[in-house]
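**Student:** Test case, fold it:
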Amino acid sequence: MTTIANNLQQVLGRIAQACTAAGRSPADVALLAVSKTFGADAVMEAVTAGQRAFGENYIQEGVDKIVALRASLPVSMPGVTLQWHCIGPVQSNKTRPVAEHFDWVHTVDRLKIAERLSDQRPDHLPPLQICIQVNVDGGATKSGVPPAEALGLLRAVAKLPRLQARGIMSIPDHAPDFEAQLAIHTSARRLFDEISALGEPGLEGFDTLSVGMTADLEAAIQAGSTMVRVGTGIFGGRTYPAA
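**Tutor:** Presented below is the predicted three-dimensional model:
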């Protein structure tokens, strides 16, 4: 078994144990493998081990991998379809490649970005699945809308063609222990539940709470996460190019 395959099984085991501790089914928590800085060959190792959903932070790097895997998979693994999530910041001048290549975007925090994604999503593709990024812990330099503005942005997204509002996502600052992690993620879960309970038109597909990463997935699952984003736990430590 390759290192990536072994790591993937360990992460899936952690998810299963966390779900048992939380009284939840592992089927209710999706694993998003964050493959940023790793090449298409590493993604292929994860695919061979059974992983199908991948998250990319850097748009052009992600597009390159999407194109490469789209070309090679029909030959090596016919019938396998991958799901690609943009989980990095999206600037106005980068919306077109996101709209044309990705299946999900987790980081919408401005209506302008949502409008451009809607305008640029090709008609032949399914609606782009959208999560609103929320700054749940109020970090001054963090991306995301304040919790009080999340519903308004979701309502606006729901009115746009070729987009589907699916949930909220957060990337809180590092918390020192399980209880602190749980408190932060619970605040995101509370907002998610408040929005879900409204039954708003256009939010019928609102079902995704994207919180939790390698270091805090247990607390996130305890809080109610439906999607955890794990990179180093699967692919190992990253080496970033020099600036």
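**Student:** which residues sit in contact with Ile221?
**Tutor:** Ile15, Ala18, Cys19, Ala22, Arg24, Val29, Gly212, Val228 (Cβ atoms under 8 Å, 6 or more residues apart in numbering). Bear in mind the C-beta positions are built from the backbone N, C-alpha and C, glycine included.
**Student:** what helix or strand does it sit in?
**Tutor:** Using DSSP states H and E, Ile221 falls within helix 217-223.
**Student:** In JSON lines, list the contacts of Ile221 along with secondary structure, pLDDT and neighbour count.
**Tutor:** Shown next, in JSON lines, are the contacts of Ile221 (DSSP: H, G, I helix; E, B strand; the rest coil; pLDDT from 0 to 100; neighbours: other Cβ atoms under 10 Å):
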{"residue": "Ile15", "secondary structure": "helix", "pLDDT": "98", "neighbour count": "22"}
{"residue": "Ala18", "secondary structure": "helix", "pLDDT": "98", "neighbour count": "21"}
{"residue": "Cys19", "secondary structure": "helix", "pLDDT": "98", "neighbour count": "18"}
{"residue": "Ala22", "secondary structure": "helix", "pLDDT": "98", "neighbour count": "18"}
{"residue": "Arg24", "secondary structure": "coil", "pLDDT": "98", "neighbour count": "18"}
{"residue": "Val29", "secondary structure": "coil", "pLDDT": "98", "neighbour count": "23"}
{"residue": "Gly212", "secondary structure": "coil", "pLDDT": "97", "neighbour count": "30"}
{"residue": "Val228", "secondary structure": "strand", "pLDDT": "98", "neighbour count": "26"}
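**Student:** For Leu111, state which of the residues you listed is nearest.
**Tutor:** Gly212 (26.8 Å; Cβ to Cβ).
**Student:** That closest one against Ala220, yeah?
**Tutor:** Yes. With contact defined as Cβ atoms under 8 Å, Gly212 reaches Ala220; the gap is 2.5 Å.
**Student:** Now do the helix holding Ile221: distance to the chain's middle.
**Tutor:** 15 Å (Cα atoms, centre = their mean, to the nearest Å).
**Student:** again, but for stretch 8-20
**Tutor:** Taking Cα atoms, centre = their mean, one finds the center of stretch 8-20 at 18 Å from the center of the full chain.
**Student:** quick one: Asp64 and Lys112, what's the gap?
**Tutor:** Here the criterion is Cβ to Cβ, to the nearest Å. By it, Asp64 lies 26 Å from Lys112.
**Student:** and those two? which has more neighbours close in?
**Tutor:** Asp64 (15 against 10; other Cβ atoms under 10 Å).
**Student:** Find residues that contact each of Gly212 and Ala220.
**Tutor:** His185, Val228.
**Student:** where along the chain do the strands fall?
**Tutor:** Per DSSP state E, the chain carries strands over the ranges 30-34, 53-56, 83-86, 104-108, 128-133, 163-169, 208-210, 227-230.
**Student:** Tell me what angle the fifth one forms with strand 104-108.
**Tutor:** By that I understand strand 128-133. Between the axes of strand 128-133 and strand 104-108, defined by axes from the mean of the first three to the mean of the last three Cα atoms, to 10 degrees, the angle is 30 degrees.
**Student:** Would you mind measuring from the residue of the chain most remote from its centre to Leu69?
**Tutor:** The C-alpha centroid of the chain is most remote from Val75, which lies 27.5 Å away (Cα atoms, centre = their mean). To Leu69, Val75 is 11 Å away according to Cβ to Cβ.
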